[in-house]
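Enquirer: any chance you could fold what I've pasted below:
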Amino acid sequence: MTFQVTVAPSGRQFECDDGETVLAAAMRAGVPLPYGCKNGACGSCKGKLLSGSVTHGAHQLKAMSPDEEKQGLALFCCATPHTDLAIEAREVLAAGQFPIKKMPSRVATMDKVADDVVVVTLQLPANEKLQYLAGQYIEFLLKDGKRRSYSMANAPGDDPQISLHIRHMPGGLFTDQVFGTMKERDILRFEGPFGTFFLREDSDKPIVLLASGTGFAPIKAIIEQSIHLKSKRPMTLYWGGRRPQDLYMHALCEEWARTLPHFSYVPVISEPQPQDGWNGRSGFVHRAVIDDRLDLSAHQVYACGAPIVVESAQRDFSALCKLPADEFYADSFTSEADLV
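Expert: Residues are numbered from 1 along each chain as shown. Okay, here's the model as predicted:
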């Protein structure tokens, strides 16, 4: 049995198989609904159910609460239909312009930039090219059928390599391997690109970039893409960590601030210790944005990192800084420990 899904306001339609989620069917049909984690953790794919009925699979309450479901909202990555559906969702047309494909890759380099962060550079096959938008991610295909997602940390181009920033999560199925047994020349398979978090190039609004931890990776790709485009849009990066060593490419950001006329950088440390000798901003990174910019009504915000950082920024920027809801773009990093 199949069900027809109609998307408002575009009027586009696609078929959803029995037991298939709305998001999976949309991706299969090339209908670019917004999404992030695809596993019920981030809420990026949430939209309005205008007619029809669905059943939601396991998901986090922060992604969609029971009250939101009662109000007619649906989390499309977890929603399977029982009837034909009419849904309301903002399509992200640029997200579907490049094919999603499975590719082998070889570990070219592994550079440990912090005690718990390694930059892994992957060499792609000579006869293949991964086309993607700055900010998107790939999923590693593990032997047990599980997947792990990591954002590209370099802007797209002709380089046959992609760079990833991987933080060690002790006990993590994949990161224990990365920090324990992985070595250069190992072969890894992945699928991508995925995600609707990427630089919107059709605007001239000033940009606020908000990163926590390795959420810096896709933000770095967006900055590099802006440099490649010779963009003159004002751009400010707020990068937060618990300790100064968490800002593992601090020197690069300082160099950008010195050399790029439209770029500024604000590092923020939440838990500085006396031995750190930290003299910069401290506290929650999104609060530093609020302290500096009470009016974000004419800005775009790109936020990436820990879910609590992204959620707090989205809530407070809207409530306190007049940021339009449709100008907040986010990628909330989730882990297996975060999932229901």
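
Enquirer: please make it C-alpha for all contacts and neighbour counts, starting now.
Expert: Fine.

Enquirer: how many residues are close by Gly277?
Expert: Close neighbours of Gly277, defined as other C-alpha atoms under 10 Å, add up to 9.

Enquirer: Gln273 now?
Expert: By other C-alpha under 10 Å, neighbour count at Gln273 equals 12.

Enquirer: phi, psi for it please.
Expert: Per-residue torsions, Gln273: phi -110, psi 150 (degrees, to the nearest 10).

Enquirer: contact partners for it?
Expert: Arg243 (C-alpha atoms under 8 Å, 6 or more residues apart in numbering).

Enquirer: so which residues of the stretch 151-300 of the chain form helices?
Expert: All helices of the stretch 151-300 of the chain, identified by DSSP state H, counting those that start in this stretch, fall at 175-180, 216-228, 250-259, 285-292.

Enquirer: other residues contacting the longest one?
Expert: Yep, that's helix 216-228 we're talking about. 134-136, 151-156, 164-165, 198-199, 209-211, 239, 302, 304-305.

Enquirer: related to what we said a few turns ago, out of the helices of the stretch 151-300 of the chain, which is closest to Lys62?
Expert: Nearest of the helices of the stretch 151-300 of the chain to Lys62, taken as C-alpha to C-alpha: helix 285-292 at 18.6 Å.

Enquirer: whichever helix or strand comes after that closest one - contacts with which helices or strands?
Expert: Proceeding N to C from helix 285-292, the next assigned helix or strand is strand 300-305, under DSSP states H and E. The contact analysis (3 or more C-alpha pairs under 8 Å, 6 or more residues apart in numbering; DSSP states H and E) places strand 300-305 against strand 207-212, helix 216-228, helix 307-321, strand 328-332.

Enquirer: could you dump the ones you listed into a markdown table and include mean neighbour count and mean pLDDT?
Expert: Listed next are the helices and strands packed on strand 300-305 as a markdown table, based on neighbours: other C-alpha atoms under 10 Å; pLDDT from 0 to 100:
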| stretch | mean neighbour count | mean pLDDT |
| --- | --- | --- |
| strand 207-212 | 25 | 98 |
| helix 216-228 | 23 | 97 |
| helix 307-321 | 18 | 94 |
| strand 328-332 | 23 | 89 |
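
Enquirer: let me know which of these is the nearest to Leu75.
Expert: Once the helices and strands packed on strand 300-305 are compared by C-alpha to C-alpha, strand 328-332 is nearest, at 15.4 Å.

Enquirer: can I get the closest one in PDB, CA atoms only?
Expert: What follows is strand 328-332, C-alpha atoms only, in PDB (Å, rounded to 0.1, in the frame of the first residue of the first chain):
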ATOM      1  CA  PHE A 328      17.900  30.600  12.000                       C
ATOM      2  CA  TYR A 329      19.700  27.700  10.400                       C
ATOM      3  CA  ALA A 330      21.000  24.900  12.600                       C
ATOM      4  CA  ASP A 331      22.700  21.500  12.700                       C
ATOM      5  CA  SER A 332      22.400  20.000  16.200                       C
END
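
Enquirer: and that strand, what does it pack onto?
Expert: By 3+ C-alpha pairs under 8 Å, 6+ apart, strand 328-332 packs against strand 300-305, helix 307-321.

Enquirer: report the inter-axis angle for the last one versus strand 328-332.
Expert: When axes from the mean of the first three to the mean of the last three C-alpha atoms, to 10 degrees is applied, the directions of helix 307-321 and strand 328-332 differ by 160 degrees.
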